[in-house]
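S.K.: Turn this into a structure:
(chains A and B)
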Amino acid sequence: MAAETQSDTDFGEVSQLKGILFEYLSLGASLLGILSLAALLVYVAVDAFGLEAADPLWFLIYFVTLVVPTLGFVGYGVKNRAVGTVGGTSLLYLLGGLAATLALSILFIIFDAQQWLLVYTVGVLPAALVFIYGRMKEWQQANLLTPIVFAVGSMLGVFLKGPLATFPQKWIIYLWTLGVPVAALLGSRALNRDGRDAAVATAVGTLAIAVAAALAGPALTGLNSDVTLLLGLFVGAPTLAYVARVVRTGHDGVAGLLMPVVIFGGMLLGAFVVQQVAVAQPESWVTWSYFTNPPSQLSAEEAGLFPAIVGSVFVITNVAIMTLALGVATSIYLEEYAASSGLLGKITRLIQVNISNLAGVPSVVYGLLGLALFINGLGLGLGIVLVASITLSLLILPIVIISSQEAIRSVPNELRQASYGMGATRWQTIRNVVLPQSLPGILTGTILALGRAIGETAPLLMIGAATTTFAPPTGYFDSVTVMPLQIYAWSSQPSDAFRYGVVAAGVVTLLIVLLTMNSVAILVRNKYQNES
Amino acid sequence: MTRKTLQDAVSRRKFLMTSGAIGTIGIAGCTGESSNGGSGDGGSSGGSNGTSEGTSEDGGSSGSLSGTIEISGSSTVYPLATAVSELFREEHPDVKINVRSTGSGGGFNNFFCKGQTSFNNASRPIKEEETQMCGNNNVEPVELKVATDALTIAVNPENDFVDCLTVEEISMIFGGDSVEKWSDVREEFPDEEIERYGAAETSGTFDYLTEVMGEEAGHTDDYQATEDDNTIIQGVSGSEYAIGYFGFAYYSKNKDRVKALKIDNGDGCIAPTLENAKTGKYTPLARPLFTYPAKSALAEEHIAEFAKFFVEKSTDRSLVADTIGYVPNSEEEKKQMMSKLEEAISSAQ
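M.R.: The predicted structure follows:
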C-alpha cells in the first residue's frame, strides 16, 4: 500500500544506463571509423611524401617559419573579423585562380585550342552579344535568337577549321577568347561598383597584366607563354584588382592582405633555411613532374600520372554532365508527373523497384554491359572516352535518381500548393519552387555518386580502357586510362619503389583531384542553400 | 534611377566593344602557327587507327611515325611491354600506345581475337581453341618469343626443412588431388598443414604450372588464388608452412622475404637463376614469354616497326634482365624471331 502511494506521487527512478550506453556506443562507432580512416591516410601520406627520410630538424624549421606564423595570423583573423575576411578572400582569389588555370590547361589538352578560337569567334561571341543586347533593350526575341546564333555559328566554326591554315599562337588565342571576356566581366563589375573610369582601368589593366605575363612570364618561370598568360589572367589580375579595391576603400581589414604573404613567404623562408642548414629533406614522390610526366616502367623516379589525371578529369566531367541531365530529368518525371494510381501507377512502381535494384548491381556487370552494348554491339572503339563516360554514367545513374527523388520528395507539399494557388503552372512550379528547393539535396547525392565513379576500376577493365597510356586523350574517340587503373597496375609491380612510393603518390593525387572537384560542387550547393 | 541604368548599360556596351577591338588588334598582329603543327592537336580522330595514318615514309626514319597501337594480354609481360613502349615512344613520340594488363587468356578471348587489339602478350603459347577463335574473326596471330621467365616456387625464409623439390612433389602440392600436410609430401617433413598460394585461373602463370604438372592432374582448388604476385609473396612471407609460385621478377626483388626452392627434374637440384634459365638447366619451370601481333595489323607501318623494335629489344640485357627481371633472348633466337616477323610483315603489306 505504501509503495503504491509512493509511485502515485513520485515519478520514480528511470534508468539512464541505456541512454548513456547508447551515447557512448555511437561515439565509439564514429571514432572508430574516423580514426581508422585517418590512420590510413597518414600512412599513405608518409609514403607519398617520403616523410621518413626527413630530419626532425626539417619539421622544426617549417613549423617555425610556416606553421606558427600562419596559425598566429589565423588567430588574429579570428579575433579581428575584418582582417580575417580580407585574408581569407585574398587566399581564395589566389587558390581559385590557380585552380582555374589548371582546369583550363587540362581542358585545352583535350580540346583543340584552334577549333575553340573559331567556335568562340563565330559562335559564342555573337550569341553572347545578341543576348546582352536583348537584355539591354528588353528585346524579347533575343532569347530565341541566342541559341540559334550559337548553334549556327558553332557549326560554321567547326567547318571553318578545314580551309583555314594559319592560326595565331596559343597565348593570343587565349587572350582573345578568355582574356577579353574576363576583362569585360571584371570591368562590368567595377562599373557597377565604382563607375566608368574604374571599369576602363580594370579592363585595360587586366588585359595588360595578361599580355605582360605572356611576354615576360616564360623567361622568369620557365613555363609556356600560354600558361603564364592564364596565370596572369586568373591569378594576377583578380588578386591585384581585389588588393587595389581594399587599399583604395580604406577597408578595416587591410592587414588581411598579408595573409598570402605570410604563407608563401613562410614557405620560401623555410626552403631557404633548409637549404642553408642542409638537413635531410623528405624524399617526396608527389612532385611537380609526377603530375606532368607520363608513366614510366624504367625508373620509378620519373614515373608520372599525367595521362591518367587528364583522362580521369575528362571522363568524370562527362559523367557529371550526363548523370545530372538524365538523373534529374528522370527523378522529376517520376516524382512530379508520373501517375501514382491505376495501371500506369503500377508501371511506375515497377520502374521504381527496378531502379532501386539497379543501384545494387555490381559494377563489373555494368562493364560487361558496356563491352557488349557499345563495343561489340555498336562497334565503338575499345576503351575510348565516350564508352568509358557512358558506362560510368549508367553505373551511377540509379544512385543519382534515387537521391534526387528523395530530395524532390522532401520539398514540402504546401510550397507546391501555394505556387499553384497563385496561378503558376506545373512547369513554373517545378522550375521556380521544386528545383531550387531540392537542388542542394540533388547535388549532395550527385557528389557522392561521382566520388564513387572516379574510383571505379572494374567496369573500365571490362570495356578495355588502357592500363597504361603515355599520352592524354585528345577527343571523345581516343583511348583513355584513369587514375585507379594506373595505380592498380603499379601496385602489382615487383619493385618496392613502385608499390609504396609511386602508388602512394597516386592515391594522394586521386584524393586531391576528388577533393578539388567536390569542393566546386559543394560551393555551388552552398550558394543555393544560402539562397533558399 | 532610370537614367543611371541607361548610362550604365550604354557604357557597358561601349566598353565591350573597346575590349573586343583590342582583342581583334591582337589577332591581326600575330599569325604564324600552322594548323597541323603543334603538339599533337592536329588529328583527334584516333581510336581505331586508319591505314592512312603512319604510312608517310618507307624508310621508317625516326619521328616520322604516327598512329595508335593497342596492346592487351598477360600481366607477366605487361612490365616488359610498357618498358618497350616507353623506349619506342622516345624515338616516335607521335605514336600512341595503350597497354592493357588483362591476363593472357582474357586478352585473347575478349580483345585480341575480336580484332580489337593489335598485340596480345602471353606467358604461355596460344591455345588451340584460341587460334581457332581468332581464325573465325580473320585474325592470324604471329608468335614472337620476347623473353624467358623462371617460374619460382618459394617458401617462408624460416622454413628449414625443404630446399629442393622434385617435379612430382610439386604436383603433389599443387596438383589436382593435392595432399593436406607437409608430411604427406615427404615423411621427414613436419606434420603441418600446407598453406598454398598461387595464380588465378585467368593467369598464364596458372596455365603454365598446370601444364608442367600434366593436364590430367590439373591444378588444386585448395589454394589462395590471386592475380597479383605481390599478394602471393606477402602470403608466403607471413607463414612458416606456406608455399607459393610466381614469376622470377617478383622473387628477384623480394629475395629477403621469401626463400626460393631448387627444382629437381632428374638431374639434381637446380636453383632458379637467370643463368640457369638461359642455359636451359632450369627445367621444366623456365617458361617462354610471348607477344602475338595480328598479321593483318602488321600492314600498318607503325605497328610493324613496333613489333621489330620489341624483338630488337628482347636481347637487351640491361632492360630485360636488370630492369624487368626476365631472361633476355639469345642473339640466335632474336634472328629467328626477326626473320619470322619480316616474313609476316612482307606478306601482310
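S.K.: quick one: secondary structure of the nearest residue to residue B:201 once chain neighbours are set aside?
M.R.: Leaving aside its sequence neighbours, residue B:201 sits nearest to residue B:225 (C-beta to C-beta, 6 or more residues apart in numbering or on different chains; 7.0 Å). Bear in mind the C-beta positions are built from the backbone N, C-alpha and C, glycine included. Using DSSP: H, G, I helix; E, B strand; the rest coil, the structure places residue B:225 in strand.
S.K.: tell me the domain boundaries of the chain?
M.R.: Using chain A here. A:63-283, A:306-531 (automatic domain parsing).
S.K.: ah, no, chain B please
M.R.: B:67-147+B:289-348, B:152-284.
S.K.: Of all those, which one is nearest residue A:470?
M.R.: domain B:67-147+B:289-348 (5.4 Å; C-beta to C-beta).
S.K.: distance between the closest one and the chain's centre?
M.R.: Here domain B:67-147+B:289-348 is found 9 Å from its chain centre; the criterion is C-alpha atoms, centre = their mean, to the nearest Å.
S.K.: Give the buried residues for stretch B:133-141.
M.R.: Within stretch B:133-141, the residues scored as buried using 16 or more other C-beta atoms under 10 Å in any protein chain shown are B:133-134, B:139-141.
S.K.: now those residues in TSV, with distance to residue A:207 and pLDDT?
M.R.: Converted to TSV, the buried residues of stretch B:133-141 look like this (distance: C-beta to C-beta, whole Å; pLDDT from 0 to 100):
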residue	distance to residue A:207	pLDDT
B:133	62	92
B:134	60	92
B:139	57	91
B:140	61	92
B:141	60	93
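S.K.: Which one of those residues is nearest to residue B:166?
M.R.: residue B:141 (34.9 Å).
S.K.: next one: phi and psi at the closest one?
M.R.: The phi/psi pair for residue B:141 (degrees, to the nearest 10) reads phi -80, psi 140.
S.K.: same question, the one 3 residues further on
M.R.: When quoted as degrees, to the nearest 10, the phi and psi of residue B:144 stand at phi -120, psi 120.
S.K.: what do you get for residue B:99?
M.R.: Dihedral angles (degrees, to the nearest 10) for residue B:99: phi -100, psi 130.
S.K.: is it in a bridge, and if so with what?
M.R.: residue A:468, residue B:71 (DSSP bridges).
S.K.: list the contacts for the spatially most central residue of chain B?
M.R.: The centre of chain B sits closest to residue B:78, judged by C-alpha atoms, centre = their mean, with a distance of 1.9 Å. Taking C-beta atoms under 8 Å, 6 or more residues apart in numbering or on different chains as the contact definition, residue B:78 lies against A:467, A:489, B:99, B:101, B:121.
S.K.: would you list these in CSV and tack on pLDDT and distance to residue A:122?
M.R.: As requested, those are arranged in CSV below (pLDDT from 0 to 100; distance: C-beta to C-beta, whole Å):
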residue, pLDDT, distance to residue A:122
A:467, 90, 41
A:489, 88, 44
B:99, 93, 41
B:101, 88, 45
B:121, 93, 48
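S.K.: so can I have a markdown table of the residues you listed showing neighbour count?
M.R.: What follows is the contacts of residue B:78, written out as a markdown table (neighbours: other C-beta atoms under 10 Å in any protein chain shown):
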| residue | neighbour count |
| --- | --- |
| A:467 | 28 |
| A:489 | 27 |
| B:99 | 30 |
| B:101 | 27 |
| B:121 | 30 |
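S.K.: Could you check the pLDDT of the nearest residue to residue A:78 once chain neighbours are set aside?
M.R.: Nearest non-adjacent residue to residue A:78, counting by C-beta to C-beta, 6+ apart: residue A:84, 5.9 Å away. Residue A:84 carries a pLDDT score of 83 in this model.
S.K.: Three-state assignment for residue A:84, please.
M.R.: Under three-state DSSP, the three-state class of residue A:84 is helix.
S.K.: How many residues are close by it?
M.R.: 19 (other C-beta atoms under 10 Å in any protein chain shown).
S.K.: quick one: it and residue A:75 touch, right?
M.R.: No. Here residue A:84 does not reach residue A:75: they are 9.6 Å apart, not a contact under C-beta atoms under 8 Å.
S.K.: Please compute how far stretch A:341-360 lies from its chain's middle.
M.R.: On C-alpha atoms, centre = their mean, the centre of stretch A:341-360 falls 33 Å from the chain's centre.
S.K.: can you list contacts of it?
M.R.: With C-beta under 8 Å, 6+ apart as the test, stretch A:341-360 has contacts from A:334, A:338-340, A:397-399, A:401-402.
S.K.: Buried residues of that stretch, list them for me.
M.R.: A:348, A:355, A:358-359.
S.K.: So which of those sit within helices?
M.R.: Of those, the ones assigned to helices by DSSP state H are A:348, A:355, A:358.
S.K.: correct me, but residue B:283 touches residue B:266?
M.R.: No. With contact defined as C-beta under 8 Å, residue B:283 and residue B:266 do not form a contacting pair (9.1 Å).
S.K.: Compare those two (neighbour count), which wins?
M.R.: residue B:283 (15 against 7).
S.K.: Nearest residue to the more buried one in space, please, no chain neighbours.
M.R.: Here the residue nearest residue B:283, using C-beta to C-beta, 6+ apart, is residue B:265, at 5.0 Å.
S.K.: Over to the one you found: give its phi and psi.
M.R.: phi -110, psi 30.
S.K.: Quickly find the element holding residue B:338.
M.R.: helix B:331-348 (DSSP states H and E).
S.K.: ignore the last one, residue A:45
M.R.: Assigned by DSSP H and E, residue A:45 falls in helix A:17-48.
S.K.: got a list of contacts for the helix holding residue B:338?
M.R.: For helix B:331-348, using C-beta under 8 Å, 6+ apart, the contacting residues are B:142-146, B:293, B:295-299, B:304, B:307-308, B:311-312, B:314-315, B:329.
S.K.: Helices - which of those residues land there?
M.R.: Going by DSSP H, the helices hold B:304, B:307-308, B:311-312 from the contacts of helix B:331-348.
S.K.: out of those, which one sits closest to residue A:137?
M.R.: Distances from residue A:137 to those, taken by C-beta to C-beta, are shortest for residue B:304, at 64.3 Å.
S.K.: Might one say that that closest one is in contact with residue B:349?
M.R.: Yes. Between residue B:304 and residue B:349 there is a contact at 7.4 Å, judged by C-beta under 8 Å.
S.K.: Neighbour count: those two, which is higher?
M.R.: residue B:304 (23 against 11).
S.K.: show me what contacts that one?
M.R.: B:298, B:345, B:348-349.
S.K.: circling back to that earlier point, after the helix holding residue A:45 comes which helix or strand?
M.R.: helix A:56-62.
S.K.: Check the average confidence over that next one, would you?
M.R.: The model assigns helix A:56-62 a mean pLDDT of 86.
S.K.: picking up where we left off before, next one: the residue nearest to the centre of chain B from residue B:207, what distance?
M.R.: Distance, residue B:78 to residue B:207, by C-beta to C-beta, to the nearest Å: 16 Å.
S.K.: Same check on residue A:246?
M.R.: Counting by C-beta to C-beta - residue A:246 and residue B:207 are separated by 70 Å.
S.K.: Same question for residue A:87.
M.R.: Applying C-beta to C-beta to residue A:87 and residue B:207 gives a distance of 64 Å.
S.K.: contacting residues for residue B:70?
M.R.: A:382, A:466, A:479, B:98, B:100, B:111, B:116-119.
S.K.: quick one: contacts of whichever strand or helix holds residue A:68?
M.R.: Using DSSP H and E, residue A:68 maps to helix A:68-79. With contacts defined as C-beta under 8 Å, 6+ apart, helix A:68-79 is touched by A:83-85, A:87-88, A:256, A:258-259, A:262-263, A:266.
S.K.: Noted, bye for now.
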